[in-house]
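Q: the following block contains a protein sequence and its predicted model.
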Amino acid sequence: MEKITNNKYEMSVRHKYIIAVVILFIFVFIPKFFLVGAVTLLIPFFFLIVCLALYNKSGWSILILALSFTFPYSGYLSEEDTHLLSEAMWLPFNVVRASILFVFICKFIRQNNNTFPKYSIKTFGSFLGLSVFYFIYNKESKEVADVLSWFTYTYLAYYVAHEEKISLKQFFFFIDIIFYCTAFYVVQEFIFHSSPYEVIYNKYIYIEKIRAKGLLGHPLILSVFLCYYQVCLYGKMILFKQKPYLTFLLLIIIGLMTASRTTIILFIVVFIVYIIVEIKNNRHSKVISIGFTLIGAIIIIICFFSTYIDNTFQRIYNAGADQRIGAYDVIWQIFIKNPLGVGLTGLKMEIESGNYRFSELFSKELMVIDNMYLSALGHYGIFSFLIIILYICPLIHFRYYVKDTNSKNLFSLMIMLYVIWFLLNFSFDTNVYVPINLFLFTFISFLGKEMKMYVLNKSNLVFNVSCQIKR
């Protein structure tokens, strides 16, 4: 790929390493003092993000993203437990939300550019109007609040990242650091049975011990991060001709520790997409080398890590999918009776109402759908397509920037992200988890910005050459 030489879109080397050190501080100190000094620790990081935005120094979106990966998601807490841990568990989410909102307001007032496609804003307006309707119907402010929070972690995060003076290569560098820090805590938890959140995990959040969670509180959130991160590694190989094979080995090992069937399937599917891209680029030798690397990784895992992954494969083999299969019957019955949906809060009430005869496969005690498409259908009925459109709007928008091989390679990475997102939705409610949405839209923003810059630089080059010819 041709290098983009405009320094306007790259931070200095010194500034890059300063941000890297701050990320390390976040991953060291937030988990260590999370339960005893969350307020004291989070306020300095919040003001650092604020100062970076005010003085137009890049790095705010990276620090916000890093912060979102340093505390556990509390979705498994009961109301009583949530009350006991409310300050420790929810304060970081509020800090992340406040940081995004502040930077967005600061940049939008200064720039006021057309970063958002017009049709995405119109679609969100319709979606917000729909949530207001359910707010009036269910008399629950959560209907509107959750939609606004989702917009903050997706589209506002997308805008905030778009205003950064950071190149895609530098973005990959920062995500590498986040991955290594996350992997450190996964290994500490899975192999050495120690975690800075051990009190929370043991007392408040129940997940099988054989499934790695790292700092995120849920193995599936970790799995999604790993699935998206593999696209970063493919991007390094496709765009910058790097060979992060050791990182790939670590990625596969960490992925197996999550004991997630979805993770393994997506690793294979996205690898096939990568192979197709490399073959189209006539890089057959790269395909062969990555194939041998993969075989070597499998041999190393079998020889040296079999003790740790035996339980993982046993869980994958024995785990059923009854709840997810039973959810289809549940949502279909609710949709037939409520074609306009029942809202975010209404779905739980409908399931608990006792007005339906559900399949024995579905457990009301678990009360999870684990399928974003089904959840959206239950929440919004025939209008559920709006949230799907909101997710794919960036893909449609950047399709028009595909001009040549370089932009096609960038777009292929975006396709990989959407393949992961599309398949994940069949086994996971991806729309409700903050780190997942934040990472996805930040990643899309950097890919799209790189495509725009490349096309712009190409156009300027052609224009300058034509002017010289005329002279």
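A: The structure has been received and is ready for your questions. Numbering: from 1, shown residues only.
Q: confirm for me that Ile369 is in contact with Ala376.
A: No: look at Ile369 against Ala376 with C-beta atoms under 8 Å: they stay out of range, at 9.6 Å. All C-beta atoms are positioned from the backbone trio N, CA, C, and that covers glycine.
Q: tell me which of these two has more neighbours.
A: Ile369 (25 against 22; other C-beta atoms under 10 Å).
Q: give the contact list for that one.
A: Residues near Ile369 by C-beta atoms under 8 Å, 6 or more residues apart in numbering: Arg324, Ala327, Val330, Ile331, Ser375, Gly378, Asp429.
Q: which residue packs closest to the fifth one, ignoring adjacent ones?
A: I take that to be Ser375. Leaving aside its sequence neighbours, Ser375 sits nearest to Ile369 (C-beta to C-beta, 6 or more residues apart in numbering; 4.7 Å).
Q: then the first one?
A: Leaving out its chain neighbours, the residue that sits closest to Arg324 by C-beta to C-beta, 6+ apart is Asp370, at 5.1 Å.
Q: with Ile387 instead?
A: Ala376 (5.3 Å).
Q: and for the strand or helix carrying that neighbour, what's in contact with it?
A: In this structure, Ala376 sits in helix 372-380 according to DSSP states H and E. If you take C-beta under 8 Å, 6+ apart as the criterion, helix 372-380 is touched by 130, 327-328, 330-331, 334-335, 340-344, 346-347, 350, 369, 384, 386-388, 424-426, 428-431.
Q: repeat the analysis, applying 7 Å as the threshold.
A: 130, 327-328, 331, 334-335, 341-344, 347, 369, 384, 387, 425, 428-431 (C-beta atoms under 7 Å, 6 or more residues apart in numbering).
Q: drop anything exposed from those.
A: Applying 16 or more other C-beta atoms under 10 Å to the contacts of helix 372-380, the neighbour count classes 130, 327, 331, 334-335, 341-344, 347, 369, 384, 387, 425, 428-431 as buried.
Q: what are the buried residues along stretch 395-411?
A: For stretch 395-411, by 16+ other C-beta under 10 Å, it's Leu395, His397, Phe398, Tyr401, Val402, Asn406, Ser407, Asn409, Leu410, Phe411.
Q: ditto for stretch 125-139
A: Buried, per 16+ other C-beta under 10 Å, within stretch 125-139: Phe127, Leu130, Ser131, Phe133, Tyr134, Phe135, Asn138.
Q: check stretch 183-201 too.
A: For stretch 183-201, by 16+ other C-beta under 10 Å, it's Ala183, Tyr185, Val186, Val187, Glu189, Phe190, Ser195, Pro196, Tyr197, Ile200, Tyr201.
Q: what of stretch 92-108?
A: Buried, per 16+ other C-beta under 10 Å, within stretch 92-108: 92-93, 95-100, 102-104, 106-107.
Q: can you tell me which of these are in strands?
A: Among the buried residues of stretch 92-108, no residue falls in strands (DSSP state E).
Q: in CSV, list these along with pLDDT and distance to Pro244.
A: What follows is the buried residues of stretch 92-108, written out as CSV (pLDDT from 0 to 100; distance: C-beta to C-beta, whole Å):
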residue, pLDDT, distance to Pro244
Pro92, 79, 30
Phe93, 80, 31
Val95, 86, 32
Val96, 89, 28
Arg97, 88, 32
Ala98, 89, 34
Ser99, 91, 29
Ile100, 91, 29
Phe102, 90, 34
Val103, 89, 30
Phe104, 87, 32
Cys106, 84, 35
Lys107, 79, 32
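Q: nearest to Phe33, of those?
A: Pro92 (12.3 Å; C-beta to C-beta).
Q: for the nearest residue to that closest one once chain neighbours are set aside, what are phi and psi?
A: Counting by C-beta to C-beta, 6+ apart, Pro92 lies nearest to Phe71, which is 4.5 Å off, once chain neighbours are set aside. Per-residue torsions, Phe71: phi -140, psi 150 (degrees, to the nearest 10).
Q: what's near enough to touch Phe71?
A: So Phe71 contacts Ile30, Phe34, Pro92, Leu215 (C-beta under 7 Å, 6+ apart).
Q: adding secondary structure and distance to Ser61, write the residues you listed out as JSON lines.
A: Formatted as JSON lines, the contacts of Phe71 follow (DSSP: H, G, I helix; E, B strand; the rest coil; distance: C-beta to C-beta, whole Å):
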{"residue": "Ile30", "secondary structure": "helix", "distance to Ser61": "18"}
{"residue": "Phe34", "secondary structure": "helix", "distance to Ser61": "23"}
{"residue": "Pro92", "secondary structure": "helix", "distance to Ser61": "16"}
{"residue": "Leu215", "secondary structure": "coil", "distance to Ser61": "20"}
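Q: now the strands for the stretch 201-350 of the chain?
A: Read by DSSP state E, counting those that start in this stretch, the stretch 201-350 of the chain holds no strands at all.
Q: where does the prediction get shaky in it?
A: 201-210, 302, 304-322 (pLDDT under 70).
Q: show me the helices in it, by range?
A: 219-240, 245-257, 261-280, 284-304, 306-318, 322-337, 346-352 (DSSP state H, counting those that start in this stretch).
Q: any idea how far the shortest one is from the chain center?
A: What it means is helix 346-352. 28 Å (C-alpha atoms, centre = their mean, to the nearest Å).
Q: buried ones in that helix?
A: Gly346, Leu347, Glu350, Ile351.
Q: going by distance to Val273, which of these wins?
A: Leu347 (33.6 Å).
Q: show me what contacts that closest one?
A: Gly378, His379 are the contacts of Leu347 under C-beta under 7 Å, 6+ apart.
Q: skipping adjacent residues, who's closest to Val287 in space?
A: Glu278 (5.1 Å).
Q: after the helix or strand where Ile392 lies, which helix or strand is next?
A: Per DSSP H and E, Ile392 falls inside helix 385-398. Downstream of helix 385-398, the first helix or strand assigned by DSSP H and E is helix 405-424.
Q: returning to what we had before: could you measure from the residue nearest to Val287 over to Cys51?
A: 42 Å (C-beta to C-beta, to the nearest Å).
Q: what of Val199?
A: For Val199 relative to Cys51 (C-beta to C-beta), the value is 33 Å.
Q: ok so, going back, now the buried residues of stretch 92-108 in TSV, with distance to Ile299?
A: Output for the buried residues of stretch 92-108, formatted as TSV (distance: C-beta to C-beta, whole Å):
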residue	distance to Ile299
Pro92	40
Phe93	42
Val95	44
Val96	41
Arg97	45
Ala98	48
Ser99	44
Ile100	44
Phe102	50
Val103	46
Phe104	48
Cys106	51
Lys107	49
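Q: can you flag which of those belong to helices?
A: Those of those mapping onto helices are 92-93, 95-100, 102-104, 106-107, per DSSP state H.
Q: list just the nearest of the residues you listed to Ser149.
A: Looking across these and measuring by C-beta to C-beta, the closest to Ser149 is Arg97, at 6.6 Å.
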